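A.B. asks: Let's see this in three dimensions:
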Amino acid sequence: MEVRDRYDAPYENASLARFLAAEEDDLPWMRDWLYMIREATENGRRFSRVRVVSMPLTEYSRFGVWCAQFTNEAGEDIRYLQRERARAENLPDHDYWLFDSRLLIRMHFDDADRFLGGELIEDPATIVQHSYWRDAAWHHAMGRDEFAIG
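C.D. replies: Got it, this is the predicted structure:
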């Protein structure tokens with residue numbers, strides 16, 4: 001689950017600038033990720049995420065929606081949930097990854113949107129709560145293509 005309207009990821013900055021300038025870009029920083037997703041999903045693994053976004057979309061979120069077409073083509077299922085709905089559903093305001101509903105990594109960022117690191121959480125009750133939030137977010141989110149059109 002990703003809930004931030006912006007991430008300061010230096011490896012993306014050149015592609016983001018090209019996107020905002022409406023210039024072509026072949027996303028060199030994303031190639032390894034796309035390869036890994038294709039290979040893993042061909043072997044039966046599942047990758048999915050929900051992005052909680054503010055409306056209107058920030059420039060970074062528009063870039064993310066554009067990039068998601070490529071990750072979805074590779075086999076990852078990225079969906080979008082408007083922030084108002086996430087708040088109405090009492091979903092958390094922090095990023096996290098769940099692995100096989102058994103392992104939780106809570107992401108930490110500074111005030112400048114820079115990634116500080118992930119916190120490994122193995123407490124079963126906390127993992128169950130985050131699994132519930134993931135399922136609730138998924139239920140209310142819409143697929144990337146539908147969201148991009150709307």
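A.B. asks: any idea how far stretch 25-39 is from the chain center?
C.D. replies: Relative to its chain's centre, stretch 25-39 lies at 15 Å (Cα atoms, centre = their mean, to the nearest Å).
A.B. asks: Check stretch 38-46 too.
C.D. replies: Put simply, stretch 38-46 sits 18 Å off its chain's centre (Cα atoms, centre = their mean).
A.B. asks: can I get the CA coordinates of it in CSV?
C.D. replies: In CSV, the C-alpha atoms belonging to stretch 38-46 read as follows (Å, rounded to 0.1, in the frame of the first residue of the first chain):
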residue,chain,number,x,y,z
ARG,A,38,7.4,-10.9,-15.6
GLU,A,39,9.6,-13.8,-14.5
ALA,A,40,8.0,-14.1,-11.1
THR,A,41,4.4,-13.9,-12.3
GLU,A,42,5.1,-16.4,-15.0
ASN,A,43,6.2,-18.7,-12.2
GLY,A,44,2.9,-18.1,-10.3
ARG,A,45,3.8,-15.4,-7.9
ARG,A,46,1.4,-12.5,-7.4
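A.B. asks: residue boundaries of the strands in this structure?
C.D. replies: Ranges of strands in the chain, per DSSP state E, are 48-53, 77-82, 96-99, 103-109, 115-121, 142-143.
A.B. asks: Rebuild the ones you listed as CSV, extending it with distance to residue 7 and mean pLDDT.
C.D. replies: Any C-beta I mention is one placed from the backbone N, CA and C, and that applies to glycine too. Output for these, formatted as CSV (distance: least, Cβ to Cβ, whole Å; pLDDT from 0 to 100):
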stretch, distance to residue 7, mean pLDDT
strand 48-53, 11, 98
strand 77-82, 14, 98
strand 96-99, 14, 96
strand 103-109, 8, 97
strand 115-121, 7, 97
strand 142-143, 21, 98
